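Chemist: What follows is a predicted protein model with its sequence.
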Amino acid sequence: MMPVLSRGKHRNAKRGACFMEMASYLAGEKWSDHPACTHGLLAAVARDVNDYVEDGARSRIVPLIPSVVGLTTDDPRADAWIAQEVALIALPIAPAPRQRVAAVGLVRCEEVLNDLEGRPTEAMRPEIRAALDAQPHARDWAYRFLRRGRSTSARSFNRRSAPVIARASVAGVAEALGEERDERLVGLLERVVVLCEERFPQAAMASSVVSAASPAERQRTRA
């Protein structure tokens, strides 16, 4: 019997599973909600979506689990890519406090990517500028906040800032008004998985091979 997805962390499969615990099982890893097979920030987004969606909607994220097995990279840009994607989704719909975090996140992610990719520090891609301009109150607050100073270290950003941006943005989507809450959360996870498949192409290829094998076969391979 396969465990049923539910909120939170589970000691073992008999007690149920969250999205990432199921991924650890499919990967043939030790049972964990922080498996090595998935990029850390992608896994954090998946855990949050798993916990925010209602029980009736959680089955809709099950088909995404094989996609995250092996979906990881050492590219230092990955955390900014993921955090920025989630912030873009949250900015138009999140409550004001979460909008502000999303707006700050968009600017900081762009600065980090500019630094890593050799662009001018103040450069901003049109799609990011348009998203910010569509929410002028959050944009202006973000620029005032950032004038106080910020770390320019990509390593520090990946370790500290990116998780805050991503998790606050997921929470903002969960707190948005309207009846489409679960639809938006499922769509958010789908978009982030697709982004990672596009940006981590070799990992995505490995993921498709791994997901084709059974858990028992993967355990034998690891042995």
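Modeler: Structure's in. What do you need? Just so it is clear, the model here is predicted, and its values are computed rather than measured. Residues are numbered from 1 along each chain as shown.
Chemist: what's the burial count for Val4?
Modeler: 14 (other Cβ atoms under 10 Å). The C-beta positions use only the backbone N, C-alpha and C, and glycine is treated the same way.
Chemist: and what of Ser59?
Modeler: Ser59 has 11 neighbouring residues, counting by other Cβ under 10 Å.
Chemist: most residues in a single helix of the chain, which one?
Modeler: When the chain is parsed with DSSP state H, its longest helix is helix 96-117.
Chemist: Show me what counts as buried in that helix.
Modeler: Within helix 96-117, the residues that count as buried by 16 or more other Cβ atoms under 10 Å are 98-115.
Chemist: Check what contacts the helix or strand that comes right after it and list those residues.
Modeler: Elements were assigned by DSSP states H and E; along the chain past helix 96-117, the next helix or strand is helix 126-133. Outside of helix 126-133, the residues within contact range by Cβ atoms under 8 Å, 6 or more residues apart in numbering are Gln84, Leu88, Leu91, Pro92, Ala103, Leu106, Val107, Glu110, Ala138, Arg139, Ala142.
Chemist: Sketch out the low-pLDDT regions of this structure for me.
Modeler: Along the chain, the parts satisfying pLDDT under 70 run over 1-3, 8-9, 11-14, 150-152, 202-223.
Chemist: Pretty sure Leu5 sits against Arg15.
Modeler: No - Leu5 lies out of contact with Arg15 (Cβ atoms under 8 Å); the separation is 12.0 Å.
Chemist: Spell out the residue ranges of the helices in the protein.
Modeler: Under DSSP H, the chain gives helices at 19-26, 40-52, 55-58, 65-68, 78-90, 96-117, 126-133, 136-146, 154-156, 162-175, 181-199, 201-212, 215-222.
Chemist: Comparing those helices, which comes out most buried?
Modeler: helix 78-90 (a mean of 26; mean count of other Cβ atoms under 10 Å).
Chemist: The longest helix of the chain - contacts with which helices or strands?
Modeler: With contacts taken as 3 or more Cβ pairs under 8 Å, 6 or more residues apart in numbering; DSSP states H and E, helix 96-117 sits against helix 78-90, helix 126-133, helix 136-146, helix 154-156, helix 162-175.
Chemist: what would those look like in TSV with distance to Pro66?
Modeler: Output for the helices and strands packed on helix 96-117, formatted as TSV (distance: least, Cβ to Cβ, whole Å):
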stretch	distance to Pro66
helix 78-90	19
helix 126-133	30
helix 136-146	36
helix 154-156	30
helix 162-175	21
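Chemist: Between helix 126-133 and the longest helix of the chain, find me the angle.
Modeler: Per axes from the mean of the first three to the mean of the last three Cα atoms, to 10 degrees, the angle that helix 96-117 makes with helix 126-133 is 160 degrees.
Chemist: Could you tell me how far helix 96-117 lies from the centre of the chain?
Modeler: 15 Å (Cα atoms, centre = their mean, to the nearest Å).
Chemist: Run the angle between that helix and helix 136-146 for me.
Modeler: Using the same axes, to 10 degrees: helix 96-117 against helix 136-146 is 60 degrees.
Chemist: Using CSV, list the CA coordinates for helix 96-117.
Modeler: Output of helix 96-117 as CSV, limited to C-alpha atoms (Å, rounded to 0.1, in the frame of the first residue of the first chain):
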residue,chain,number,x,y,z
ALA,A,96,-0.2,43.7,1.5
PRO,A,97,2.5,42.5,4.0
ARG,A,98,3.3,39.5,1.8
GLN,A,99,3.2,41.6,-1.3
ARG,A,100,6.0,43.7,0.2
VAL,A,101,8.1,40.7,0.8
ALA,A,102,7.5,39.5,-2.7
ALA,A,103,8.4,42.9,-4.2
VAL,A,104,11.7,43.0,-2.1
GLY,A,105,12.3,39.5,-3.3
LEU,A,106,11.9,40.3,-7.0
VAL,A,107,14.4,43.1,-6.7
ARG,A,108,16.9,41.2,-4.6
CYS,A,109,16.7,38.1,-6.9
GLU,A,110,17.4,40.3,-9.9
GLU,A,111,20.4,41.9,-8.2
VAL,A,112,21.8,38.5,-7.4
LEU,A,113,21.3,37.2,-10.9
ASN,A,114,22.8,40.4,-12.3
ASP,A,115,25.9,39.8,-10.2
LEU,A,116,26.2,36.1,-11.1
GLU,A,117,25.6,36.7,-14.8
